[in-house]
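Asks: Coordinates for the following, if possible.
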Amino acid sequence: MASASENGGTGQAVRKVVQLTTVHGRSDVRVFHKQCRSLAARGYDVTLVVQDGRGDESSAGVRIRDLGPPPAGRVRRILFSPWRAYRCLRRLPAAIVHFHDPELLPLGWLLKRGGRRVVYDAHEDVPRDILAKHWVPAMLRRVLSFSFEKLENFVAARLDAVVGATPYIAARFRRIHPRAIDVSNYPILAEFTPAPPGRPFSRTLCYIGAITRVRGISELVESLARVGDATLVMCGPFESGAYERELRALAGWQLVDYRGVVGRDEALAIMTAAEIGVVTFLPAPNHMDAQPNKIFEYMAAGLPILASNFPLWRRIVEENRCGICVDPASPADIARGIGALLSDEAGCRAMGRAGREAVAARCHWLHEAEKLVQLYAELT
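Replies: Okay, here's the model as predicted:
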């Protein structure tokens, strides 16, 4: 297929698109590996604008423009990053600007008023997420959540489209915008290689992602002391130094193999070597209707899942026969689930195969990419 640079005149301008994030890194799986690369493969001239201080480059057919190192501190980032992005975008012709961060909503509204076609990508149900933010004073969370939802709805209703990372998020925006679609964060199946048949059973679990209190990591580590003979391979950033010290003081930490913050290839290798993937988030408002990418990545890797017993998650696990659901607030129940999986090697492997088959049949990125490409075709 001809690239955008090979098209001339109006056609070239129509194929130029910008994906913008001031929070996510240039190698973010949803933003770069899924959306940008899929659009570039379909002939769009894609520029990804990021803010990480690593300079400009081109990768996989995508031009990457760097706004520079992010401002120090969350408040400074929220205040100054949109202005940085605006100055950059004024010099970038594009038929569509597709932004990924809630803090860029005012910028999106400004760009729309200036005549751009603008798409908001809602990764999270932010108003519900605010209710569980530890850095927001408890007495302010409901007021801030309500105020942000009003702002988000006001801006989103005036943009050209909203992309939700889950059907639940898309349905919420569909009440205020006729062009709100879900582009689920399903895995790229070809990235994942299940363990080879006949590999010795390793009694290893894995957790890959942000290490935060609300994701139930304390209860998970506590459960390991009850299991006794399993290893949890864990990687990702701690929410704070204080929380890291708290976790390391737990008895179960001696059974944790912490690998730090790892790249994509190492994360995939960790999943291939494990027997169980763990997603035991606590019942925060933003978690109940979420579809964590990790659930489907573990399934793609052929791992049975140990998941929280939220109704939506239980339905995913039970319909696909790919794991066990437990009470994420109960270390005893988590330990019971780990023990049940590790005591049944054949059942564990069968659940892993069933999860992989479900992703291959229904829950993979290529299907979602078609939705995104169709949206762009309609907008251009």
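Asks: contacts, neighbours, all on C-alpha from now
Replies: Will do.
Asks: low-scoring stretches of the stretch 201-350 of the chain, by residue?
Replies: Judged by pLDDT under 70, the stretch 201-350 of the chain has no weakly predicted residues.
Asks: Which pLDDT value does the model give G9?
Replies: At G9, the model reports a pLDDT of 42.
Asks: typo on my end, it should be M1
Replies: On the pLDDT scale, M1 is placed at 35.
Asks: what residues are up against R141?
Replies: Applying Cα atoms under 8 Å, 6 or more residues apart in numbering, we find R141 in contact with I130, L131, A132, K133.
Asks: Go ahead and build a PyMOL selection from the buried members of those residues.
Replies: Applying 16 or more other Cα atoms under 10 Å to these leaves a buried subset, and the PyMOL line that selects it is:
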select buried, resi 130+131+132
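Asks: Okay, and which of the contacts of R141 map to helices?
Replies: I130 (DSSP state H).
Asks: does C325 count as helix, strand or coil?
Replies: What DSSP: H, G, I helix; E, B strand; the rest coil gives for C325 is strand.
Asks: how close does it get to A273?
Replies: The gap separating C325 from A273 is 22 Å, by Cα to Cα, to the nearest Å.
Asks: Same check on V233?
Replies: Applying Cα to Cα, the value for V233 to A273 is 10 Å.
Asks: can you list residues touching both of those two?
Replies: T204.
Asks: if we can go back for a sec, from the contacts of R141, which is closest to E370?
Replies: Minimum distance to E370 across these is 31.5 Å, recorded for I130 (Cα to Cα).
Asks: Hmm, that closest one is touching S145, no?
Replies: Yes - between I130 and S145 there is a contact at 5.7 Å, judged by Cα atoms under 8 Å.
Asks: list the contacts for the closest residue to N293 other than its chain neighbours?
Replies: Nearest in space to N293, with sequence neighbours left out and distances taken as Cα to Cα, 6 or more residues apart in numbering, is N185 at 5.8 Å. By Cα under 8 Å, 6+ apart, the contact set of N185 is R30, A165, T166, N293, W365, E368.
Asks: What's the first helix or strand after the helix or strand where F80 lies?
Replies: F80 is part of helix 74-89, with elements assigned from DSSP states H and E. Downstream of helix 74-89, the next assigned helix or strand under DSSP H and E is strand 96-99.
Asks: for the helix holding F80, packing partners?
Replies: Packing partners of helix 74-89 (3 or more Cα pairs under 8 Å, 6 or more residues apart in numbering; DSSP states H and E): helix 105-113.
Asks: which SS class is V143?
Replies: V143 - assigned by three-state DSSP - is helix.
Asks: and it, how many neighbours does it have?
Replies: Residues contacting V143 under the criterion other Cα atoms under 10 Å number 13.
Asks: On the pLDDT front, check it for me.
Replies: 95.
Asks: Same question for the one 3 residues further on.
Replies: Here, the pLDDT recorded for F146 equals 96.
Asks: likewise the one 4 residues further on?
Replies: In the predicted model, K150 carries a pLDDT score of 97.
Asks: If you count neighbours, what's buried in whichever strand or helix holds it?
Replies: Assigned by DSSP H and E, K150 falls within helix 138-156. The neighbour-count check on helix 138-156 (16+ other Cα under 10 Å) flags R141, R142, L144, S145, F148, E152, N153, V155, A156 as buried.
Asks: by contact count, what packs against whichever helix or strand comes after that helix?
Replies: Next in sequence after helix 138-156, counting helices and strands by DSSP H and E, comes strand 161-164. Packing partners of strand 161-164 (3+ Cα pairs under 8 Å, 6+ apart): strand 117-122, helix 167-174, strand 180-182.
Asks: From the contact counts, what lies against the longest one?
Replies: Translated: helix 167-174. Contact here means 3+ Cα pairs under 8 Å, 6+ apart; on that basis helix 167-174 packs against strand 161-164, strand 180-182.
Asks: among those strands, which is nearest G355?
Replies: strand 180-182 (21.7 Å).
Asks: continuing past the closest one, what's the next helix or strand?
Replies: strand 204-208.
Asks: Show me how far that next one is from its chain's centre.
Replies: 17 Å (Cα atoms, centre = their mean, to the nearest Å).
Asks: Pull the residues that contact that strand.
Replies: 230-236, 267, 270-271, 273-279, 294.
Asks: quick one: buried residues of stretch 173-189?
Replies: Residues of stretch 173-189 classed as buried: 173-174, 177, 179-189 (neighbour count, 16+ other Cα under 10 Å).
Asks: got a list of what the residue positioned nearest the centre of the chain touches?
Replies: The residue lying closest to the centre of the chain (Cα atoms, centre = their mean) is N293, at 5.5 Å. Counting by Cα under 8 Å, 6+ apart, N293 touches N185, Y186, P187.
Asks: Next one: the last one relative to P292, how far apart?
Replies: Distance of P187 to P292, computed by Cα to Cα: 11 Å.
Asks: do T47 as well
Replies: T47 sits 27 Å away from P292, going by Cα to Cα.
Asks: again with H367
Replies: According to Cα to Cα, H367 stands 17 Å off from P292.
Asks: How about R30?
Replies: 12 Å.
Asks: out of these two, which sits in the busier spot?
Replies: Neighbours were counted for R30 and for P292 using other Cα under 10 Å; R30 has more, 20 against 17.
Asks: so what's that one closest to, chain neighbours aside?
Replies: Nearest to R30 is N185, by Cα to Cα, 6+ apart, at 6.6 Å.
Asks: all strands of the stretch 251-380 of the chain, in order?
Replies: Assigned by DSSP state E, counting those that start in this stretch, the strands in the stretch 251-380 of the chain fall at 256-260, 276-279, 305-308, 323-326.
Asks: Could you provide those in CSV, with additional columns for mean neighbour count?
Replies: Below are these laid out as CSV (neighbours: other Cα atoms under 10 Å):
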stretch, mean neighbour count
strand 256-260, 15
strand 276-279, 27
strand 305-308, 27
strand 323-326, 22
